[in-house]
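*Asks:* need a structure here:
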Amino acid sequence: GEHIKTLTQLAAILAKHFADPRIVGTDIKDSLMQALASYVCYPQSLRAVERIPEEQRVAMMRNLLAPYEQRPWAQTNWILVRLWRGCGFGYRYTRLPHLLKTKPEDANLPSLQKPCPSLLLQRHMAELLSVDKDMAASFLNSVLNQLNWAFSEFIGMIQEIQQAAERPERNFVDTRQLKVCATCFDLSVSLLRVLEMTVTLVPEIFLDWTRPSAELLLRRLAQLLNQVLNRVTAEKNLFDRVVNLRLPGLESVDHYPILVAVTACPAARRLSHTHTHHTHTHTHTHTHTHTHTHTHTHTSTALQAEAGSVPRIIKPRLC
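*Replies:* From the prediction side, this is the model:
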């Protein structure tokens, strides 16, 4: 009773003020954001967020979907990932499969909690992005920009790490550099999961050709997925060599999380497209066949685009 009421009151405060422009103190803003991020990791506190009035929930989701530039986007993205984790393709694990044999430092950490997705908050996200086309386009472009940046930074760093490891004295790789490298990798995986979430919940952002931004967004998505796949799957590539070094600090860097996250996006698109096909076969056969062909052509063209055609976006800091 009283415990639940207090949890809900605190949830309302966090939802209302985590993005309040009147709060200018960086430490306070960070604390509010981290508190909300922790709140959505535990079932009881997540349900408290779901119990606040609908208007406040929708406003919170709208703030989470604002463009990522000029704000602490890594925390925002992580919150969205937690709302999705447990629903994604190959995304029901609590810890990465290759790390199960090792003991976690602290099992009570928010990031090590079992997945507890929120279908209610996912629905709010789907409705917001479906109705507000401009917001959908700016949100997706910002996620794609940050993925482009995070993965480019990651590749640049593993090149440096590989070169350092090949030197005769190979006894010194900066631990801070390893940590930043692992962070860029984790950010890339998380950003890919938010793209999967969006493709699953609101496929029309990419597939509805009446939306002015649909073709460009689909092309950008395909180019970036292609770029990541090229880097991660080439035989005896840089990624393989650095993973096999098994450096302390790079434990999270492995094939599984990134490959499953990349696969998740087209898998989600195919599932949503199949669902649409079954729904409309009887009434719109001619129209749908045309749309399907049109979409397939554009997807193929985009996937064939060279990975290098995506400009490298540089940001000064991680978040």
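*Asks:* Is residue 137 in contact with residue 220, as I believe?
*Replies:* No: using Cβ atoms under 8 Å, residue 137 is not in contact with residue 220; the gap is 10.9 Å. For every residue, glycine as well, the C-beta is placed using N, CA and C.
*Asks:* how many other residues sit next to residue 9?
*Replies:* Neighbour count for residue 9, taken as other Cβ atoms under 10 Å: 12.
*Asks:* what's the answer for residue 71, then?
*Replies:* With other Cβ under 10 Å as criterion, residue 71 counts 16.
*Asks:* so where does it fall, helix or strand?
*Replies:* Counting by DSSP states H and E, no helix or strand carries residue 71.
*Asks:* Backbone dihedrals for it, both of them.
*Replies:* When read as degrees, to the nearest 10, the backbone of residue 71 gives phi -160, psi 170.
*Asks:* Check residue 239 and give its pLDDT.
*Replies:* At residue 239, the model reports a pLDDT of 92.
*Asks:* That one is in what secondary structure piece?
*Replies:* Per DSSP H and E: helix 238-245 holds residue 239.
*Asks:* pLDDT averaged over stretch 96-113, what's the number?
*Replies:* 64.
*Asks:* and the end-to-end length of that stretch?
*Replies:* Terminal residues of stretch 96-113 lie 12 Å apart, using Cα to Cα, to the nearest Å.
*Asks:* Same check on stretch 63-73?
*Replies:* Termini of stretch 63-73 sit 11 Å apart (Cα to Cα).
*Asks:* can you tell me which helix in the chain is longest?
*Replies:* Secondary structure of the chain per DSSP state H: the longest helix is helix 133-166.
*Asks:* related to what we said a few turns ago, what are the buried residues along the helix holding residue 239?
*Replies:* Under the neighbour-count criterion of 16 or more other Cβ atoms under 10 Å, helix 238-245 has 239, 242-243 buried.
*Asks:* Run the chain-centre distance for the longest helix of the chain.
*Replies:* 12 Å (Cα atoms, centre = their mean, to the nearest Å).
*Asks:* for the helix or strand just after that helix, the distance to its chain's centre please.
*Replies:* Following helix 133-166 in sequence order, the next helix or strand is helix 175-201 (DSSP H and E). Centroid displacement of helix 175-201 relative to its chain, using Cα atoms, centre = their mean, is 6 Å.
*Asks:* Against which helices or strands is helix 175-201 packed?
*Replies:* helix 73-84, helix 119-131, helix 133-166, helix 204-207, helix 214-233, helix 255-280 (3 or more Cβ pairs under 8 Å, 6 or more residues apart in numbering; DSSP states H and E).
*Asks:* switch to 6 Å and redo it
*Replies:* When contacts are defined as 3 or more Cβ pairs under 6 Å, 6 or more residues apart in numbering; DSSP states H and E, helix 175-201 sits against helix 73-84, helix 133-166, helix 255-280.
*Asks:* helices or strands next to the longest helix of the chain in the packing?
*Replies:* Against helix 133-166 (3+ Cβ pairs under 6 Å, 6+ apart) you get helix 175-201, helix 214-233, helix 238-245.
*Asks:* ok and that helix relative to helix 175-201, angle-wise?
*Replies:* 150 degrees (axes from the mean of the first three to the mean of the last three Cα atoms, to 10 degrees).
*Asks:* May I see the buried residues of helix 133-166?
*Replies:* Neighbour count says helix 133-166 has 133, 136-155, 157-158, 161, 165 buried, by 16+ other Cβ under 10 Å.
*Asks:* For burial, what's the neighbour tally of residue 202?
*Replies:* 21.
*Asks:* Give me the pLDDT for it.
*Replies:* 94.
*Asks:* Tell me the backbone dihedrals of it, please.
*Replies:* phi -130, psi 70.
*Asks:* what pLDDT does the nearest residue to it once chain neighbours are set aside get?
*Replies:* Distance criterion Cβ to Cβ, 6 or more residues apart in numbering; nearest residue to residue 202, sequence neighbours excluded, is residue 129 at 4.5 Å. We have a pLDDT of 97 for residue 129.
*Asks:* one step back: report the mean per-residue pLDDT for the longest helix of the chain.
*Replies:* pLDDT averaged over helix 133-166 gives 93.
*Asks:* between it and helix 73-84, how many degrees?
*Replies:* 110 degrees.
*Asks:* Hey, what's the angle from helix 133-166 to helix 238-245? Just curious.
*Replies:* 60 degrees.
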